[in-house]
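Colleague: Task: produce atomic coordinates for the following.
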Amino acid sequence: MNPDRKKAIPVMTVILAALVIIVSPCTAAINIQASHDCVLAKGDRLIITGDGYHNGSAVIWGIGPSFFTHGIVDADSDGILTWTLNEKVTEKLRSGPLTIIVEDPGQDRIYSNVGNDSAGESLLTIADNVSVLPFDAPTMDIPAALDLADFLKNQIAGSDTDDSYLLQTVYVEEPTLRLSTVELGSPLRVPAGGCVLVKGTMNMAPGNPIAVRIYDTSVIEKTGHRIPVRAIDSAITGSGDRGNTWEYNLNTAGLVPGEYLVEIGWDRSAISGQNAFILIVSGNENIMDKSAE
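Modeller: Okay, here's the model as predicted:
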């Protein structure tokens, strides 16, 4: 073998190794775990998982209407990092797009951008502590939040450092629960002692407590109070191709013929994630079980 070729092999190996190190941030990825796909119902946990972050850590920026957060998250030895916005934080978010930017500091492990908060005002600075953009996070509307996110990603991409970023948008919504087995505006009629499966979809994550309450409408009319005629029950939740689901096997056993109000909704709010329908329990038909599709 040519002696010069022997010398070239170690050199080529070093070059390839260096290329792997430089390219590795570009192989990073982020995964969003929200209520469903990239939709987050307020009050649900938002989890960001990243892999391929072999430079030790990453800054995660969250920018939305009236919301700004940032923080350095350490990666483990495998380059995996996890960042969570808990329920107490997300229930205060405003509806609209929430931009998540994960910034990798590059091989030099120096971040080109820094966020500072002081006296209610947020300040975006570059690495040498020079002010770039002051902004008031609590008053940001959707266009201002999108502009700030766009400015930040351009700042990262245009910096003289080797920083890189990945961006993902999560859409924040009010918790909602829909009925698919009861016609809007029409009562559900069930013979006394019969059962009916009521179900629907929701934008909340499976596992959310969905309570079922049944009231006698005549009592509501006379007293103005809603007193459940039986113990509060829970619906079963799950996930589907077109959204998350809930279902409840409504058994009229023990209910005397009459009119009832059935409320089904998120147990953490009296306003959000709620729905209701009128149930007519009749005593003339034969007792039967049925499933409303």
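
Colleague: V196 and V182 touch, don't they?
Modeller: No - using Cβ atoms under 8 Å, V196 makes no contact with V182, being 9.4 Å away. C-beta here means a position set from N, CA and C on the backbone, and glycine is covered the same way.

Colleague: Give me the pLDDT for D267.
Modeller: On pLDDT, D267 comes in at 88.

Colleague: ugh, wrong one, I meant V39
Modeller: With respect to pLDDT, V39 has a value of 94.

Colleague: burial count for it?
Modeller: V39 is flanked by 18 other residues according to other Cβ atoms under 10 Å.

Colleague: Same question for E174.
Modeller: Residues contacting E174 under the criterion other Cβ under 10 Å number 13.

Colleague: What of the one 4 residues further on?
Modeller: Close neighbours of R178, defined as other Cβ under 10 Å, add up to 14.

Colleague: so who does it touch?
Modeller: Residues in contact with R178, defined by Cβ atoms under 8 Å, 6 or more residues apart in numbering, are 200-202, 275.

Colleague: who wins for neighbours among those residues?
Modeller: Neighbour counts for these, by other Cβ under 10 Å, peak at M202, which reaches 26 neighbours.

Colleague: show me the residues around the closest residue in space to that residue that isn't next to it in sequence that make contact.
Modeller: Closest residue to M202 apart from its sequence neighbours, by Cβ to Cβ, 6 or more residues apart in numbering: L177 at 4.4 Å. L177 makes contact with 200-202, 204, 210, 246, 264-266, 273-275, according to Cβ under 8 Å, 6+ apart.

Colleague: From R226, how far off is L177?
Modeller: 18 Å (Cβ to Cβ, to the nearest Å).

Colleague: Kindly state the domain boundaries assigned to the chain.
Modeller: What automatic domain parsing lists as the domains of the chain is 3-173, 188-282.

Colleague: about what we covered before: of the contacts of R178, which belong to strands?
Modeller: Members of those lying in strands (criterion: DSSP state E): 200-202, 275.

Colleague: tell me which of those is nearest to G158?
Modeller: Checking the ones in strands among the contacts of R178 against G158 by Cβ to Cβ gives M202 as the nearest, at 41.9 Å.

Colleague: That closest one contacts N275, correct?
Modeller: No - between M202 and N275 there is no contact under Cβ under 8 Å: 9.1 Å.

Colleague: returning to what we had before: can you give me phi and psi for the residue nearest to M202?
Modeller: Recorded main-chain torsions at L177 are phi -140, psi 130, according to degrees, to the nearest 10.

Colleague: worst average pLDDT in the domains of the chain?
Modeller: Note on the domains of the chain: lowest mean pLDDT is at domain 3-173, with a mean of 81.

Colleague: before we move on, the earlier item: closest one of the contacts of L177 to R230?
Modeller: Of the contacts of L177, the one sitting nearest to R230 (Cβ to Cβ) turns out to be I264, at 14.2 Å.

Colleague: now that closest one: how far from V281?
Modeller: The gap separating I264 from V281 is 17 Å, by Cβ to Cβ.

Colleague: Between the two, tell me which one has more neighbours.
Modeller: Neighbour count, other Cβ under 10 Å: between I264 and V281, I264 has more, with 27 against 19.

Colleague: what about the helices in the stretch 51-200 of the chain?
Modeller: With DSSP state H, counting those that start in this stretch as the criterion, the stretch 51-200 of the chain has helices at 87-90, 142-157.

Colleague: Now distance to S186 and mean neighbour count too, for these, in a markdown table please.
Modeller: Formatted as a markdown table, the helices of the stretch 51-200 of the chain follow (distance: least, Cβ to Cβ, whole Å; neighbours: other Cβ atoms under 10 Å):
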| stretch | distance to S186 | mean neighbour count |
| --- | --- | --- |
| helix 87-90 | 35 | 15 |
| helix 142-157 | 37 | 17 |
